[in-house]
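In: Structure here, sequence nowhere to be found:
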């Protein structure tokens, strides 16, 4: 019994046609027919009723179906495990990260990881948090770093909360007082970033803060990156809530001023590591996760859900 026979059987059972099964498998109809005939000869029973309108499972075929499905799934999982072993041998770690995390936080983590595992090749993809979630779901990457994302098939392990601080130009009136209320903020042109990500926790928390304060912000610009928003604030074109990690250098240089909110709720952006549930995780991935537990002091028991 061969994998290609089982695949042909499952596709034909699902689609009700050898022709459609052949299209799904990117092969010819005679090839699918031959594979299924060979499988039926080996099993010693007919698995399909053939008609001019297509095919349907016999009683024997319906009995065999769950076993064929489990067999192909086991083979798929076996291939995943072997691929994980191959990647460990080759020293490969595939990762996706949200843009802000990848720009301001991940480099320091990777520097420490490289010191411990200098032969590992790191493949990093960058996108919005919702894009990172999808890459984890599609198993394009082994691990993701993103803001708050929820999905039944993904284990989201909390790493840290990052504060989004209110910043202004040093000559702005807010900077002279060093503090402002949300009512004051609502009177100023507000510059935001990350408009293209439907799962943006940044927008979620900004909206919560404004709603709790009973104000409607005067959004002047929606930009695609922290860097762009930061540049606009440095030019005196508005104020902004930006991740503290993204403005640390500007605050130290004095090109931006941090404004304390008076009686205002802090804007905190939760950051998570995303892992595909049920997937086998290689020693390289587990080594990276262990490093995260050391840096962020998370409970190592979270690794129980990663295929150890």
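Out: Received, thanks. Everything quoted here is computed from the prediction, not taken from an experiment.

In: how about residue 267, what does it touch?
Out: 163-165, 205-206, 209, 241 (C-beta atoms under 8 Å, 6 or more residues apart in numbering). Glycine gets a C-beta too; all of them are placed from N, C-alpha and C.

In: and if we set it to 7 Å?
Out: Counting by C-beta atoms under 7 Å, 6 or more residues apart in numbering, residue 267 makes contact with 163-164, 205-206, 209, 241.

In: Farthest-apart pair in those, please.
Out: Within the contacts of residue 267, 163 and 206 form the most distant pair, 12.8 Å apart (C-beta to C-beta).

In: Walk me through the domains of the chain.
Out: Listed by automatic domain parsing, the domain ranges of the chain are 3-87, 92-308.

In: Which stretch among these is buried most, on average?
Out: With neighbours taken as mean count of other C-beta atoms under 10 Å, those reach their highest mean count in domain 92-308, at a mean of 17.

In: Could I get the average pLDDT for that domain?
Out: For domain 92-308, the mean per-residue pLDDT is 86.

In: Centre of the chain to that domain, how far?
Out: 13 Å (C-alpha atoms, centre = their mean, to the nearest Å).

In: which non-adjacent residue is nearest residue 220?
Out: Distances taken as C-beta to C-beta, 6 or more residues apart in numbering put residue 189 closest to residue 220, at 3.5 Å, once the chain neighbours are dropped.

In: just the helices in the chain please.
Out: 3-15, 18-24, 29-43, 59-90, 99-100, 106-116, 129-137, 173-177, 182-185, 201-213, 226-234, 244-253, 283-296 (DSSP state H).

In: ok, back up a step: got the contact list for the residue nearest to residue 220?
Out: Here residue 189 is in contact with 218, 220, 237-238 (C-beta under 7 Å, 6+ apart).

In: again, 10 Å this time
Out: Shown in contact with residue 189 (C-beta atoms under 10 Å, 6 or more residues apart in numbering): 217-221, 232, 237-240.

In: And the residues you listed, which is closest to residue 111?
Out: residue 240 (28.3 Å).

In: Test of understanding: give the bridge partners of the nearest residue to the closest one once chain neighbours are set aside.
Out: Excluding the flanking residues, the one nearest residue 240 by C-beta to C-beta, 6+ apart is residue 191, at 4.2 Å. For residue 191, the beta-bridge partners are residue 221, residue 240 (DSSP bridges).

In: For residue 156, which of the helices of the chain is the nearest?
Out: So among those, helix 129-137 is nearest, using C-beta to C-beta, at 8.9 Å.

In: What helices and strands are in contact with that closest one?
Out: Where contact means 3 or more C-beta pairs under 10 Å, 6 or more residues apart in numbering; DSSP states H and E, helix 129-137 is packed against strand 92-98, helix 99-100, strand 121-127, strand 143-147, strand 154-168, strand 267-276.

In: contact partners of stretch 28-43?
Out: Contacts for stretch 28-43 (C-beta under 10 Å, 6+ apart): 1-2, 4-9, 11-13, 17-25, 27, 45-48, 50, 55, 58, 60-61, 64, 68.

In: 6 Å - rerun?
Out: 1, 4-5, 8-9, 18-19, 21-22, 46-47 (C-beta atoms under 6 Å, 6 or more residues apart in numbering).

In: Tell me how far the nearest residue to residue 126 once chain neighbours are set aside lies from residue 146.
Out: Ranked by C-beta to C-beta, 6+ apart and with sequence neighbours excluded, the top spatial neighbour of residue 126 is residue 102, at 4.8 Å. Per C-beta to C-beta, to the nearest Å, residue 102 is found 10 Å from residue 146.

In: now do residue 156
Out: For residue 156, the distance to residue 146 (C-beta to C-beta) stands at 8 Å.

In: tell me, what's touching these two both at once?
Out: Common contacts of residue 156 and residue 146 (C-beta under 6 Å, 6+ apart): residue 274.

In: hmm, who's touching stretch 93-100?
Out: With C-beta under 6 Å, 6+ apart, stretch 93-100 has contacts from 106, 120, 122-126, 129, 132, 135, 141-147, 226, 243, 284.

In: Apply 8 Å and report the result again.
Out: Counting by C-beta under 8 Å, 6+ apart, 87, 106, 120-129, 131-132, 135-136, 140-147, 194, 225-226, 243, 245-246, 284-285, 288 sit against stretch 93-100.
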